[in-house]
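> fold the following and give me the result.
(one chain, ligands or ions: 3)
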Amino acid sequence: MNLILLGPPGAGKGTQAKILEEQMGFKQLSTGDMLRAAKAAGTEIGLKAKAVMDRGDLVSDDIVIGIVSERLDQPDVKKGVVFDGFPRTPAQAEALDKLLASKGQKLNAVIEMKVDDEALVKRIVGRYTCAKCGQGYHEEFAKPKQAGTCDVCGSTEFTRRADDNEKTVRDRLHVYNTQTAPLVAYYRAQGNLHVIDGMADIAVVTREMSSVLSRVKA
Ligand code: AP5
Ligand code: MG
Ligand code: ZN
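Numbers count the residues shown, from 1 in each chain. Ligands and ions are numbered 1, 2, ... in the order given. Now for the predicted structure:
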């Protein structure tokens, strides 16, 4: 089963994709994480993407479709993918339909996560991540059990994303509303769209997603 989580920055795509991976056997495919890894490794793609990402614009369709296409050729994604942050433009959505069809697969559901703009800004500005294992946290909404220590791996070092400041978040929101929001109509026309309230607590959102997935045909 292949699933897209569609929503603005801070909607909770990454948080829920990780939970779906752990609980339901999906493989998370986050183009943001892949581009950040390329940036950290200093690859050609990473160097091209850095400035674009840091100012909150979209990396070119060619680059992003290329990395997704390569990733979908690997064996660990055959059982089902939860796409997190991809597609983000109509051209990416059309390319994904073609890629899946060429592999004898299809898209089963698109879950749109709706969250108010001010809540999004608060979520992004308070977000941080374990530097060792990548577990995500939030200063207010998702604190580690013991302050300053990662629940998963015990590390005491954390990082913040270069694009997680108020100015860039507002620019990313504008980019979402102008370039990505048209995908809602695209997937509604395909009959794949499910809308959920992303304002609820993390566990409540997970339950709503499971309920959507239980109604979707494999
Ligand atoms: P990407 O990494 O995809 O970032 P984004 O879409 O801006 O989304 P975020 O990762 O910021 O938010 P999220 O929805 O994952 O929220 P999270 O679960 O972390 O993209 C980054 C950049 O890469 C783009 O700007 C672009 O430049 C480039 N890029 C990536 N993909 C691309 C593509 N396809 N095409 C072109 N360019 C691309 O949650 C946020 C915080 O809130 C966390 O702290 C979390 O703990 C907390 N939280 C989560 N859920 C809840 C809840 N229900 N209640 C309270 N708090 C919550
Ligand atoms: Mg994310
Ligand atoms: Zn950790």
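> how about the residues of this protein by ligand 1?
Within the chain, the positions near ligand 1 by CB under 6 Å from any ligand atom are 7, 9-15, 31-32, 35, 52-53, 56-59, 64, 85-86, 88, 92, 123-124, 127, 136, 138, 141-142, 163, 172, 201-202, 205. Any C-beta I mention is one placed from the backbone N, CA and C, and that applies to glycine too.
> can you tell me which helices and strands the helix or strand where residue 172 lies packs against?
With secondary structure defined by DSSP states H and E, residue 172 is part of helix 166-175. Contact analysis of helix 166-175 by 3 or more CB pairs under 8 Å, 6 or more residues apart in numbering; DSSP states H and E lists helix 117-125 as its packing neighbours.
> tell me which residues are up against the helix it packs on.
The contact list for helix 117-125 (CB atoms under 8 Å, 6 or more residues apart in numbering) reads 8-12, 115, 138, 140-141, 164-166, 169-170, 173, 199.
> next, the buried residues of that helix.
Of all the residues in helix 117-125, those buried under the rule 16 or more other CB atoms under 10 Å are 120-124.
> cool, stretch 156-168 as well?
So, applying 16+ other CB under 10 Å, buried residues of stretch 156-168: 158, 163-164, 168.
> which of these sit farthest apart?
Spanning the widest gap among the buried residues of stretch 156-168 are 158 and 168, at 19.1 Å by CB to CB.
> residue 156 belongs to a strand?
No: counting by DSSP: H, G, I helix; E, B strand; the rest coil, residue 156 is not part of a strand but coil.
> change the start of the numbering to 26 and stick with it
Noted, 26 is the first residue going forward, which turns the last one into residue 181.
> residues contacting it?
Residue 181 sits next to 173-175 when contact means CB under 8 Å, 6+ apart.
> please apply the same query to residue 204.
Neighbour list for residue 204: 83, 113-114 [criterion: CB under 8 Å, 6+ apart].
> returning to what we had before: which among the contacts of residue 181 are in contact with ligand 3?
Checked against ligand 3 using CB under 5 Å from the ion, the contacts of residue 181 yield the following neighbours: residue 175.
> please, a ChimeraX command that selects the buried ones among the contacts of residue 181?
Buried members of those, identified by 16+ other CB under 10 Å, are gathered into one ChimeraX selection as follows:
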select :175
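> interface residues of the protein facing ligand 3?
Within reach of ligand 3 by CB under 5 Å from the ion, the chain has these residues: 155, 157-158, 160, 175, 177-178, 180.
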